[in-house]
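Participant: Model the structure of this input:
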Amino acid sequence: MLSFRLDASAEGKLLPPREGVYHAAHPDFGLRGDRVTRERVRAFVTLAGRDIVWSFVAFHWDRGIVFPVEACRTLHKEKVVPLVGIMPWSSLEQGKPEEVYTLSRIAAGEFDDDLARCARDVRSLGFPVMIEFGPEANGKWFPWSGFWNGGASDHSGERGVPDGPERFRDAYRHVVDLFRENGADNVTWVFHIASVPGEAWNAASCYYPGDAWVDWIGASVYGRLRGDAPAKPFDEIMKKVYPGLAALSEKKPVAVLEMGVSEAHPPGDKADWMREALSSIASGRYPRLKAVGWWNKRLRADGSRSYLEIDSSPESLAAYRDGVARFVDRPLWGSD
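Facilitator: Sure, this is the predicted structure:
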């Protein structure tokens, strides 16, 4: 039996809204994505003209495996659900294999003491938290990608399953199981892929841990990351991404966990892209799609300006505010 409530409890899972789509975001918390302040949350909400259900916060391991407890508390004070992205890398360098926190070592339990402590920290928070392990694992930029962990080879583990995705799946399951064993029942678990899988071995279905380890399924959808390229229409991307997400599970809600488009130079089509994308989302064209989180960081990983923020131009800000005005900004909680 499924129970519903609007107030959060320590054991609650974030359920999809009964109608409509959640409004979520990645406010600009600095280059590392972990400088969380109430002022930065409020600044985004003021710009958007709408509250947010959840906010992303990065949990990098380059300075040790220490859960971002204070960041979660800060978001909770603003009535925002923390979406913590576990980023298992020893340096914030993209496009290279990981030397310390490999997927195989995570799955083998070599970091269990640290992760068990993290789980107890989450449990002690006393309010719900969302966690995604290894976001965009089918992209080649992060070291937890299947590309850097065996790729399409099939020399170990389950026969018929590519080694790279299988090692990610095993590590994901191990982390979820460990958190549950340590009483962290206040976690809503999120599976997050990129929208550019390429080869068949790198498809989302190869990475999916299974319904028992996942509460929400989502992808990143970007129309354009740099202003010197044409923006790909949102629906063109979703027509390829959404069916694959929905096919992973018959019942799990789907989210666009990261969404954005860079401003063109000179400005012009970003506002049109935002208007069309947000209107398409609100129309119900994708019935399992229940949440959208805009990526609002002003800087790219290399420190250059991204122009992804919602206020990169007055026209873009107006399009965003109008588009999300119909979105849901209050979470619904429940349990089986």
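
Participant: Please name every helix or strand in contact with the biggest helix by length in the chain.
Facilitator: Scanning the chain for the helix with the most residues, using DSSP state H, yields helix 163-181. Where contact means 3 or more Cβ pairs under 8 Å, 6 or more residues apart in numbering; DSSP states H and E, helix 163-181 is packed against helix 103-107, helix 112-125, strand 129-133, strand 187-193, helix 204-207. C-beta: built from backbone N, CA, C; applies to glycine.

Participant: what about Glu110, how many neighbours?
Facilitator: With neighbours defined by other Cβ atoms under 10 Å, the count for Glu110 comes to 14.

Participant: Asn202: what's it in contact with?
Facilitator: 138, 146-147, 152, 162, 164-165 (Cβ atoms under 8 Å, 6 or more residues apart in numbering).

Participant: returning to what we had before: quick one: closest of the helices and strands packed on helix 163-181 to Gly85.
Facilitator: Set against Gly85 and scored by Cβ to Cβ, the helices and strands packed on helix 163-181 come closest in strand 129-133, at 5.2 Å.

Participant: partner strands of that closest one, parallel or antiparallel?
Facilitator: Paired with strand 129-133 in the same sheet, following DSSP bridges, are strand 81-87 (parallel), strand 187-193 (parallel).

Participant: For Ile310, find the nearest of those.
Facilitator: Of the strands paired with strand 129-133, nearest to Ile310 by Cβ to Cβ is strand 81-87, at 18.1 Å.

Participant: how about Val241, phi and psi?
Facilitator: Val241 adopts backbone torsions of phi -90, psi -50, taken as degrees, to the nearest 10.

Participant: related to what we said a few turns ago, would you turn the strands paired with strand 129-133 into JSON lines with mean neighbour count and distance to Asp235?
Facilitator: What follows is the strands paired with strand 129-133, written out as JSON lines (neighbours: other Cβ atoms under 10 Å; distance: least, Cβ to Cβ, whole Å):
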{"stretch": "strand 81-87", "mean neighbour count": "25", "distance to Asp235": "25"}
{"stretch": "strand 187-193", "mean neighbour count": "24", "distance to Asp235": "19"}
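
Participant: just so I know, which of those strands lies nearest Glu309?
Facilitator: strand 81-87 (18.6 Å).

Participant: list the buried ones in the helix or strand where Gly260 lies?
Facilitator: Here Gly260 sits within strand 254-261, counting by DSSP states H and E. Residues 254-261 are the ones in strand 254-261 that count as buried (16 or more other Cβ atoms under 10 Å).

Participant: Equivalent analysis for stretch 218-228, please.
Facilitator: For stretch 218-228, by 16+ other Cβ under 10 Å, it's 218-224, 227.

Participant: Now tabulate the helices and strands packed on helix 163-181 in JSON lines and tack on mean pLDDT.
Facilitator: Listed next are those as JSON lines, based on pLDDT from 0 to 100:
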{"stretch": "helix 103-107", "mean pLDDT": "98"}
{"stretch": "helix 112-125", "mean pLDDT": "98"}
{"stretch": "strand 129-133", "mean pLDDT": "98"}
{"stretch": "strand 187-193", "mean pLDDT": "98"}
{"stretch": "helix 204-207", "mean pLDDT": "94"}
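
Participant: So which of the ones you listed is nearest Arg73?
Facilitator: Closest among those, using Cβ to Cβ: helix 112-125, at 7.1 Å.

Participant: who touches the closest one?
Facilitator: Residues contacting helix 112-125 (Cβ under 8 Å, 6+ apart): 10, 64-67, 69, 72-73, 76, 129, 131, 175, 178-179, 181-187.
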